[in-house]
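*Asks:* Give me the fold of what follows.
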Amino acid sequence: MIAQRLCLLVAAVFCALAAPARAEEDGVPYWASIDAEIANMRVGPGDSYRISWVYRRQHLPVKVVRREGPWRLIEDPAGDRGWMRDLLLSRQRSAIVKGEGLAEIRAAPTATAGLQWRVEPGVVGLLGECEAGWCQFDVAGHKGFAPEGRLWGAGAP
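*Replies:* Now for the predicted structure:
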């Protein structure tokens with residue numbers, strides 16, 4: 001009887017300790033953007049880990065794939081992964097133009113809407129609502145609609 005209660009107590013303690021770890025993982029993956037002029041990505045979740053990349057591109061979209069305390073394991077548009085402090089990230093959605101050739105930015109969310117301008121792959125902009133394959137896209141105050149398929153950072157993470 002005592003052994004059975006002890007086993008239940010040990011199991012309860014392990015469940016209680018595991019719950020915060022699961023809670024940390026809730027809500028990932030999600031999209032974020034770099035919210036600093038200079039942001040270091042590290043090989044591990046702490047300041048003592050080596051810096052693997054230095055980002056100098058505010059609003060660059062990233063995918064947060066794991067959380068560990070104040071650290072986030074992120075994936076950048078090139079597929080590189082590393083750890084970044086949560087203070088360097090924003091939940092403001094952004095996107096980067098991907099693919100080959102110029103992407104056409106339209107005045108409305110249709111392929112027949114007036115052409116506003118064209119952007120090269122690698123251009124970063126703030127992302128608005130996406131619907132029916134088109135996303136609101138704001139590049140330095142120039143607003144229009146971009147095809148969702150040309151944007152890394154749109155859609156489900």
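*Asks:* Which strand residues bridge Ala103?
*Replies:* Here Ala103 sits in beta bridges with Val119, going by DSSP bridges.
*Asks:* For the residue lying closest to Gly149 once chain neighbours are set aside, give me the pLDDT.
*Replies:* Distance criterion CB to CB, 6 or more residues apart in numbering; nearest residue to Gly149, sequence neighbours excluded, is Gly133 at 7.0 Å. All C-beta spots, glycine's among them, are computed from the backbone N, C-alpha and C. As summarised for this prediction, Gly133 has a pLDDT of 97.
*Asks:* what about Gly133, how many residues close to it?
*Replies:* 14 (other CB atoms under 10 Å).
*Asks:* Assign a three-state SS to Ser48, would you?
*Replies:* coil (DSSP: H, G, I helix; E, B strand; the rest coil).
*Asks:* so where's the chain shaky on pLDDT?
*Replies:* Scanning the chain for pLDDT under 70 picks out the ranges 1-26.
*Asks:* Strands of that one, start to end?
*Replies:* Counting by DSSP state E, the chain has strands at residues 30-34, 39-42, 51-55, 61-68, 71-75, 81-85, 89-90, 94-97, 103-106, 115-119, 124-131, 134-139, 142-147, 151-152.
*Asks:* circling back to that earlier point, need the contact list for the residue nearest to Gly149.
*Replies:* Shown in contact with Gly133 (CB atoms under 8 Å, 6 or more residues apart in numbering): Pro109, Pro147, Glu148, Gly149.
*Asks:* Report the buried members of the residues you listed.
*Replies:* Pro109, Pro147, Glu148 (16 or more other CB atoms under 10 Å).
*Asks:* Over to the first one: give its phi and psi.
*Replies:* Here the main-chain torsion angles of Pro109 (degrees, to the nearest 10) amount to phi -80, psi 60.
*Asks:* That one is in contact with Glu131, isn't it?
*Replies:* Yes. Contact criterion CB atoms under 8 Å: Pro109 and Glu131 qualify, at 6.6 Å.
*Asks:* Count the neighbours of Trp31 for me.
*Replies:* Neighbours around Trp31, by other CB under 10 Å: 20.
*Asks:* and if you look at Ala111?
*Replies:* Other residues near Ala111 number 11, with proximity taken as other CB under 10 Å.
*Asks:* gap between it and Leu127?
*Replies:* 19 Å (CB to CB, to the nearest Å).
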